[in-house]
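Undergrad: After the sequence you'll find the predicted model.
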Amino acid sequence: MRRRQRILRGLLLCLFAGICLFVKRYVLSDDHSSRTHVDGDSLRQSGGIERRNSSGINLQMRLDDPNIFIEHHCPLTLETQLGSCTNRSYASFESVPKTSIIITFHNSESLSALLHTIHSVIQRSPSSLIEEIIIIDDFSTKEEFGGILENYIKTIFPDKVKLYRNSENLGLIRSRLNGARLSRGEVLYFMDSHSEVQKGWLEPLLFEIKKNRKCLVSSIFDWMEKTADDQWTYRYGCSNHTTIFDWSMGFGWGFRPRAENPENASDAYKSRIIIGAYVAIEKRFFQEIGEFDAGMEFWGGENIELSLRVWLFGGEVVTAPCSRVAHLEGRDTRAYRDPYRQTVERNYKRLAEVWFDDYRECFYYFFPQLVDVDMGNITDRLQVKAAAQHDIKWYLESVYPELGCPVKDGLALGPIRNKKTETCLRESSSFVLPMTQCSDSDRRQIEMYWSADRHLRTPSYIYVAKEKRIIKVSYVSSGKSSKAANAKWIHWKDGPFIDIQSKLCLEAPSDNPSGGATLMPCNFDVNSAQIWSFRNYTGRYDALVANRTLPVNLDIKEFLNTQ
């Protein structure tokens, strides 16, 4: 009896010692330097990352009931589908390849947003369609991204979610590239780490790729905002827009031309480019066209570069309106922001030098400061380009003919200065045409120009007279319509700017510059608010005047009386 008691006490002492050692080693120790990492240079060369493989339970989180954490920190919004998507039936997915979902994060992300993203994917996706969810920790140093995150994933998602860690901060582009190289799925889906997918988001993407393996397909970009009472509200993005960009590398949305509207509102439609936050592509095709440009740093420009390559390699870029994913807005900081300007402009230059050919001058019109900037070696990207079926000229003629270039088709180039107010017209996100202090470095002023087809425009937008107001419309949606055809202007050098159809003169506001320029009856001989001058009148303008092919050869009042 005593012998059994001694043995039992010995076993209890051993067990207690083991527990103490376990707590000291795994629970109390969360030193970032002890994490398993891989050298960044070898990552860029081979794409290899070792998967971290430690264990233990962190006492800061209730792993016995993960819903306690999720419901408190990042509850999902109600499931919903819109319009014709509700009854949309897709073909059997038995033969559809599985998807690897790739999510990267860095210090400025929050743990709750990351877990929100993972949970929404798990809960709102058919398990049979997901090969894995790959999480790339881009060398974060926040404590919550250490043992807490790893133990959560290991306990809650041991089969589907894989966590990898970079040994240095590589940025979004290279981290996504490494995730793609690590993936086992036949389809890749790149998504931001602060997102929420909606019901039925994945099937439309795979349906498009099954139809055409050379397809880059984007989800609709919805968003979520926090209300005054700290609750998330889901907002729906427009599903009747196409994504556009211009030579200043700005991108946004424009209404689709009617000719591009699908028969069914739930069908995918063509886009000039994609927003890089939520996009799917077949892995083999992704590799065939050169993956991401590993010479680009952190983030910026990769979405335009990938979209352009897909078109030039015989593929197509489309948006699936029934695939809806929301971007969580209103976070305190943004990953990969610093040093944003220098990084993204360097990326833009790589894109321009490799793919823009004779249209590089359109790019450098907006970025003259980049002419002498070192962009790194592009030899490997030029080798990728050599295998492309098309070039940028084909893209501008066949895919995006509406994109204008001031130095290619401009008669007069901005800024556009008003004589009376000494302020300049400035493109804005609103529908008005405001006046601001003139600056040759203000991109929104220099992108405005008067084109050879007599439009007052920017590369992506035109300005149309509507009664006495000036309305900005997307050139993609109106470039070939009667509205655009009639939106022609005539301008006399250092003189009035007249809408040809209404014969009204463009006039600067005298009391409220932000209210926008208006159209008024012409009295420019006594009203200098109707007198305008461009920074540069091109040789094209001078040639047309010399050939008497512009009505500016006429006296202005004669023009108003005879046209």
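TA: Arrived safely, thanks for sending.
Undergrad: C-alpha only now, for contacts and for neighbours.
TA: OK.
Undergrad: And the strands in the stretch 51-200 of the chain?
TA: Using DSSP state E, counting those that start in this stretch, the strands assigned to the stretch 51-200 of the chain run over residues 99-105, 130-137, 161-165, 187-191, 195-197.
Undergrad: Let me have the ones you listed in CSV, extended by mean neighbour count.
TA: As requested, the strands of the stretch 51-200 of the chain are arranged in CSV below (neighbours: other Cα atoms under 10 Å):
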stretch, mean neighbour count
strand 99-105, 25
strand 130-137, 22
strand 161-165, 20
strand 187-191, 23
strand 195-197, 27
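Undergrad: Tyr365 is nearest to which of the ones you listed?
TA: strand 187-191 (32.1 Å; Cα to Cα).
Undergrad: What strands line up against the closest one, and which way round?
TA: strand 99-105 (parallel), strand 278-282 (antiparallel) (DSSP bridges).
Undergrad: What lies in contact with the longest one?
TA: Outside strand 99-105, the residues that touch it by Cα atoms under 8 Å, 6 or more residues apart in numbering are 114, 129-138, 140, 172, 175-176, 179-180, 183-193, 335.
Undergrad: go on, the last one?
TA: Around strand 278-282, the neighbours that count as contacts under Cα under 8 Å, 6+ apart are 186-192, 205, 209, 213-219, 221, 325.
Undergrad: pLDDT weak spots in the stretch 251-400 of the chain?
TA: 330-340 (pLDDT under 70).
Undergrad: now the helices: where do they sit in it?
TA: 283-288, 302-312, 340-355, 360-366, 379-386, 392-398 (DSSP state H, counting those that start in this stretch).
Undergrad: Need the ones you listed in TSV (columns: distance to Ala228).
TA: Listed next are these as TSV, based on distance: least, Cα to Cα, whole Å:
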stretch	distance to Ala228
helix 283-288	42
helix 302-312	33
helix 340-355	30
helix 360-366	40
helix 379-386	48
helix 392-398	45
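Undergrad: so of these, which one's packed in deepest?
TA: Highest mean neighbour count among the helices of the stretch 251-400 of the chain (mean count of other Cα atoms under 10 Å): helix 302-312, with a mean of 22.
Undergrad: Kindly export that one (C-alpha atoms) in CSV.
TA: Only the C-alpha atoms of helix 302-312 are listed here, as CSV (Å, rounded to 0.1, in the frame of the first residue of the first chain):
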residue,chain,number,x,y,z
GLU,A,302,0.5,45.1,-59.8
ASN,A,303,-3.2,45.0,-60.5
ILE,A,304,-2.8,47.1,-63.7
GLU,A,305,0.3,45.1,-64.8
LEU,A,306,-1.4,41.7,-64.3
SER,A,307,-4.6,42.8,-66.0
LEU,A,308,-2.7,44.2,-69.0
ARG,A,309,-0.7,40.9,-69.3
VAL,A,310,-3.8,38.8,-69.3
TRP,A,311,-5.2,40.7,-72.2
LEU,A,312,-1.9,40.7,-74.1
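Undergrad: angle of that helix against strand 278-282?
TA: Going by axes from the mean of the first three to the mean of the last three Cα atoms, to 10 degrees, helix 302-312 is angled at 40 degrees with respect to strand 278-282.
Undergrad: follow-up on the earlier one: I'd like to know which of the helices of the stretch 251-400 of the chain is closest to Asp442.
TA: helix 360-366 (9.5 Å).
Undergrad: For that closest one, enumerate the helices and strands it packs against.
TA: When contacts are defined as 3 or more Cα pairs under 8 Å, 6 or more residues apart in numbering; DSSP states H and E, helix 360-366 packs onto helix 340-355, helix 406-409.
Undergrad: Now distance to Ser533 too, for the ones you listed, in JSON lines please.
TA: Converted to JSON lines, the helices and strands packed on helix 360-366 look like this (distance: least, Cα to Cα, whole Å):
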{"stretch": "helix 340-355", "distance to Ser533": "30"}
{"stretch": "helix 406-409", "distance to Ser533": "16"}
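Undergrad: For Phe251, find the nearest of those.
TA: That would be helix 340-355 among the helices and strands packed on helix 360-366, by Cα to Cα, at 12.9 Å.
Undergrad: so what does the closest one touch, helix or strand wise?
TA: Packed next to helix 340-355, using 3+ Cα pairs under 8 Å, 6+ apart, are helix 360-366, helix 379-386.
Undergrad: could you dump the first one to PDB, C-alpha only?
TA: Below are the C-alpha coordinates for helix 360-366, written out as PDB (Å, rounded to 0.1, in the frame of the first residue of the first chain):
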ATOM      1  CA  ARG A 360       5.600  55.700 -72.500                       C
ATOM      2  CA  GLU A 361       5.400  59.400 -73.300                       C
ATOM      3  CA  CYS A 362       1.800  59.300 -72.000                       C
ATOM      4  CA  PHE A 363       3.000  58.000 -68.700                       C
ATOM      5  CA  TYR A 364       5.900  60.400 -68.400                       C
ATOM      6  CA  TYR A 365       3.600  63.300 -69.100                       C
ATOM      7  CA  PHE A 366       2.200  62.600 -65.600                       C
END
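Undergrad: And the contacts of that helix?
TA: Here helix 360-366 has contacts from 247-248, 352-353, 370-371, 405-408, 443, 446-447, using Cα under 8 Å, 6+ apart.
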